[in-house]
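**Student:** Using only what follows, build the 3D model:
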Amino acid sequence: MDSSPDQPPLERMARMRPLWQWLVLLFFSVLFAGALEFAALPAALLIGPMLAAILAGTNGATVRVPRPLFGSAQAVVGCLVASSISADIFPVFYKEWPLFLGVVVGTVAASSLLGWLISRWRILPGTTAVWGSSPGAATAMVLMAGAFGADQRLVAFMQYLRVIFVSMTAALVAKMWVDTSGIEVPAIIWFPPIEPTAFAATLGVAFAGSLLGKLLRLPSPFFLGTFIFGTAVHLGLGVTMQLPQWLLAVSYAAVGWSIGLNFTRPILRHATRALPQIVGSIIVLIAFCGGLGFMISHLLGIDPLTAYLATSPGGMDSVAIIAAAAQNVDISFVMALQSARFLVVLLVGPSVARLVARSLKD
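**Tutor:** Residues are numbered from 1 along each chain as shown. As a prediction, this is how the structure comes out:
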């Protein structure tokens with residue numbers, strides 16, 4: 001291993017042994033994730049390792065996440081998504097289904113149009129912009145995008161940039177109505193007591209769902225198979241899954257590393273050149289959804305903050321925390337609309353991407 005003092009550590013990664021590459025990657029992953037957590041930014045446990053991997057990948061790192069580990073991480077994310085869907089949203093959705101349907105369709109249509117324009121103007125290649133513009137389900141969109149031929153690296157760049165923008169905007173808007181300065185975010189319990197039945201259910205759903213996805217030859221089989229099977233047993237049979245924070249952290253890191261290590265300097269330069277257009281599309285989408293919230297608030301007499309948080313395009317975890325901090329927000333309405341859009345995006349995302357791909361060829 002070359003240790004000449006005039007080279008920064010990451011520039012020597014190509015000459016490092018694999019063990020040292022992993023140690024450097026782990027160090028910077030913890031450093032970045034810790035900084036993002038301290039800044040209270042969303043998805044820190046995924047974005048931190050991804051940033052570290054981008055830094056390593058663009059400086060010659062040769063290590064890659066083993067495919068079995070990446071597949072297992074996708075299955076864990078599938079369990080997380082499946083367990084986050086609550087049956088409580090269905091009565092709320094049934095009561096307000098025309099409103100919900102209109103907002104969801106409008107949001108998906110607006111994001112798809114923005115993605116189509118970015119692709120049409122050749123700012124990003126193929127259907128990458130469509131997957132990257134999808135409003136919500138960021139990690140799911142990134143995992144599925146690669147299976148449908150989009151550039152997973154650029155999709156991740158767009159999706160997580162949107163998550164940060166949307167979450168910070170929602171927090172700023174909430175401060176106009178609610179004083180959250182005295183509210184503390186619950187401490188993370190990294191190693192909670194393991195509940196044998198619930199944890200075994202998680203492992204069983206991940207294994208069975210992955211197998212189902214492979215047998216059905218689903219795109220992104222580990223994620224989609226686990227999500228479909230997990231949702232069925234969670235809602236249909238009432239199966240409870242336990243996803244301890246340490247397992248999520250390992251899974252997020254594996255996903256972030258898998259994406260980031262495939263970045264090259266040309267890809268990073270391309271993403272940087274497209275940054276103004278990407279940020280512009282994010283701002284337009286946030287403004288459009290804010291307009292929907294304004295319309296809902298005035299037409300139906302719903303609390304303005306409730307309407308805004310319900311229509312916010314993504315960042316469901318952050319939106320839930322903000323909604324819980326506000327006394328007058330209808331949390332069930334917010335989460336029902338967020339969950340409805342989340343499910344619609346998962347279901348129609350591949351079809352929309354195919355439709356855009358055909359239109360781009362015409």
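
**Student:** Could you give the average pLDDT over stretch 117-137?
**Tutor:** Taken as a whole, stretch 117-137 has an average pLDDT of 84.

**Student:** Ok, stretch 70-90 next?
**Tutor:** Averaging pLDDT along stretch 70-90 gives 86.

**Student:** following the helix or strand of the chain with the lowest mean pLDDT, which helix or strand shows up next?
**Tutor:** Across the helices and strands of the chain, the lowest-confidence element by mean pLDDT, DSSP states H and E is helix 316-325, at a mean of 68. Downstream of helix 316-325, the first helix or strand assigned by DSSP states H and E is helix 331-361.

**Student:** List the buried residues for that next one?
**Tutor:** 333-346, 348-350, 352-353, 356-357 (16 or more other CB atoms under 10 Å). C-beta here means a position set from N, CA and C on the backbone, and glycine is covered the same way.

**Student:** now do stretch 65-75
**Tutor:** Within stretch 65-75, the residues scored as buried using 16+ other CB under 10 Å are 65, 69, 70, 71, 72, 73, 74, 75.

**Student:** Can you classify the first one by secondary structure?
**Tutor:** The assignment at residue 65 comes out as coil when based on DSSP: H, G, I helix; E, B strand; the rest coil.

**Student:** right, and it touches residue 257 too?
**Tutor:** Yes. Residue 65 lies in contact with residue 257 (CB atoms under 8 Å); the separation is 5.0 Å.

**Student:** wait, residue 214 sits on residue 224?
**Tutor:** No. If you go by CB under 8 Å, residue 214 and residue 224 don't touch, sitting 10.6 Å apart.

**Student:** Not counting residues beside it along the chain, what's closest to the residue nearest the centre of the chain?
**Tutor:** By CA atoms, centre = their mean, the chain has its centre lying nearest to residue 138, at 2.5 Å. Of all residues not flanking residue 138 in the chain, residue 159 sits nearest, at 4.1 Å (CB to CB, 6 or more residues apart in numbering).

**Student:** can you pull the buried residues of the helix or strand where that neighbour lies?
**Tutor:** Assigned by DSSP H and E, residue 159 falls within helix 152-177. For helix 152-177, burial by neighbour count (16+ other CB under 10 Å) applies to 152-171, 173-174, 177.

**Student:** likewise stretch 71-87?
**Tutor:** 71-85.

**Student:** ditto for stretch 93-111
**Tutor:** Under the neighbour-count criterion of 16+ other CB under 10 Å, stretch 93-111 has 93, 96, 99, 100, 103, 104, 106, 107, 108, 110, 111 buried.

**Student:** Stretch 258-275 now?
**Tutor:** Applying 16+ other CB under 10 Å to stretch 258-275 flags 258, 259, 260, 261, 262, 263, 267, 268, 270, 271, 274 as buried.

**Student:** what's the first-to-last distance across stretch 226-238?
**Tutor:** This stretch, stretch 226-238, spans 16 Å end to end (CA to CA, to the nearest Å).

**Student:** correct me, but residue 225 touches residue 219?
**Tutor:** No. Between residue 225 and residue 219 there is no contact under CB under 8 Å: 10.2 Å.

**Student:** Give me the more crowded residue out of those two.
**Tutor:** More crowded of residue 225 and residue 219, by other CB atoms under 10 Å: residue 225, with 26 against 15.

**Student:** residues touching that one, list them.
**Tutor:** For residue 225, the contact set (CB atoms under 8 Å, 6 or more residues apart in numbering) comprises 75, 78, 209, 210, 211, 212, 213, 214, 216, 218.

**Student:** which SS class is it?
**Tutor:** What three-state DSSP gives for residue 225 is helix.

**Student:** what's near enough to touch the nearest residue to it once chain neighbours are set aside?
**Tutor:** Nearest residue to residue 225 in three dimensions, chain neighbours excluded: residue 213, at 2.1 Å (CB to CB, 6+ apart). Residue 213 makes contact with 220, 221, 222, 223, 224, 225, 226, 228, according to CB under 8 Å, 6+ apart.

**Student:** which one of those has the most neighbours?
**Tutor:** Going by other CB under 10 Å, residue 226 tops the contacts of residue 213 with 31 neighbours.

**Student:** What number of neighbouring residues does residue 249 come out with?
**Tutor:** Neighbours around residue 249, by other CB under 10 Å: 20.

**Student:** Can you name the residues that contact the closest residue to residue 158 other than its chain neighbours?
**Tutor:** Once flanking residues are discounted, residue 158 sits nearest to residue 132: 2.9 Å by CB to CB, 6+ apart. Contact analysis of residue 132 by CB under 8 Å, 6+ apart lists 115, 124, 141, 145, 150, 154, 155, 157, 158, 159, 162, 278.

**Student:** and of those, the nearest to residue 298?
**Tutor:** Using CB to CB, the shortest approach to residue 298 within the contacts of residue 132 belongs to residue 162, at 26.4 Å.

**Student:** Pretty sure that closest one sits against residue 312.
**Tutor:** No. Between residue 162 and residue 312 there is no contact, the gap being 10.9 Å when judged by CB under 8 Å.

**Student:** Next, work out how far apart the residue nearest to the centre of the chain and residue 313 are.
**Tutor:** Per CB to CB, to the nearest Å, residue 138 is found 11 Å from residue 313.

**Student:** Thought residue 54 was touching residue 29, still the case?
**Tutor:** No. With contact defined as CB under 8 Å, residue 29 does not reach residue 54; the gap is 11.0 Å.

**Student:** Name the surrounding residues that touch stretch 82-97.
**Tutor:** By CB under 8 Å, 6+ apart, the surrounding residues in contact with stretch 82-97 are 100, 205, 226-227, 229-231, 234-235, 240-241, 243, 316, 332-333, 335-336, 339-340, 343.
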